[in-house]
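> Sequence and predicted structure below; questions after.
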Amino acid sequence: MRRAVCPGSYDPATNGHLDIIERSSTLFDEVVVAVLINKSKKGLFSIEERMEMLTETTAHLPNVRIDSWHGLLVDYCRQHDIAAIAKGLRSVSDFDYELQMAQMNRELSGVETLLMSNNPAYGFVSSSLVKEIATYGGDVKNLVPGVVFERLMAKVAGRAAPTITDPAGSHGSAD
C-alpha cells in the first residue's frame, strides 16, 4: 500500500491545504492528514477542533484519514509505515525551506517528500493571513472550506479585533 502524510498545523485549514490533500489522494492508496501538536504555541483552534473540521472537509475522500502528532515527522512516518510526505509549495521561499526539510527527512529515515506546486488560485493563501483578515472583518469565504468558514466566523465573533492605540496617549488632536 502506498501511503503519504500531509502534515501541517491546519489552524485553520485553507482551500490551498484541501487542494494538496485532494491531489495527494489521487496519487496514494492512503493519505494521512497529520495535525501538528505544538504545546508551546496557542492556536486559534484546538487540535480537536482542527481534526473535526478536517474530518468534515475531507469526508468525500475515502482514502484520507485524520490524525495528530508531535515530535519528528519521520518518527511518525516510521511508526505508521508511511513512505512519503506530500507538501504544497506557494513560493520560492517555500521551496527553499521544504527542499532542506525533504533532504533532512530523506537522510534521517529514507522517507521521500513530494513537493507539489500550488494551484495558482491559492498561491497567496496562508492560515495566518486568513486568521488576520477574518479578525478584522474581511471576507475569507472563498479562501477556506465551508465548515471552516462557519467555525472561523463564530470563533472571531467572540474575540474583539485588536485596536491601534497611540503610544503617546494622544487621540490625534494637536496641542
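Sure thing, it's come through. Numbering: from 1, shown residues only.

> What segments of this structure are strands?
For the chain, the strands defined by DSSP state E occupy 3-8, 30-36, 64-69, 84-89, 112-117.

> Tell me which of these sits most buried.
When you average the neighbours per residue for each of the strands of the chain (mean count of other C-beta atoms under 10 Å), strand 30-36 leads with a mean of 24. For glycine as for every other residue, the C-beta is placed from the backbone atoms N, C-alpha and C.

> Can you list the strands that that strand pairs with?
The sheet places strand 30-36 alongside strand 3-8 (parallel), strand 64-69 (parallel), with pairing taken from DSSP bridges.

> Out of those strands, which is closest to residue 156?
Taking C-beta to C-beta, strand 3-8 is the member of the strands paired with strand 30-36 nearest to residue 156, at 20.6 Å.

> Alpha carbons of the closest one, in PDB - could you do that?
The C-alpha atoms that make up strand 3-8 are tabulated as PDB, following Å, rounded to 0.1, in the frame of the first residue of the first chain:
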ATOM      1  CA  ARG A   3       0.900   5.800   1.900                       C
ATOM      2  CA  ALA A   4       1.600   9.500   2.300                       C
ATOM      3  CA  VAL A   5       1.200  12.100   5.000                       C
ATOM      4  CA  CYS A   6       0.200  15.700   4.600                       C
ATOM      5  CA  PRO A   7       1.500  17.400   7.700                       C
ATOM      6  CA  GLY A   8       0.600  20.800   9.000                       C
END
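
> Next, the angle from that strand to strand 112-117.
Orientation of strand 3-8 against strand 112-117 (axes from the mean of the first three to the mean of the last three C-alpha atoms, to 10 degrees) gives an angle of 60 degrees.

> which helix in this structure runs the most residues?
Longest among the helix segments of the chain by residue count, using DSSP state H, is helix 92-109.

> In it, which residues are buried?
When neighbours are counted by 16 or more other C-beta atoms under 10 Å, the buried residues of helix 92-109 are found to be 94, 98, 102, 105, 109.

> ok, residues contacting it?
Residues from elsewhere that reach helix 92-109 (C-beta atoms under 8 Å, 6 or more residues apart in numbering): 72-75, 77-78, 85, 87-89, 111-113, 115.
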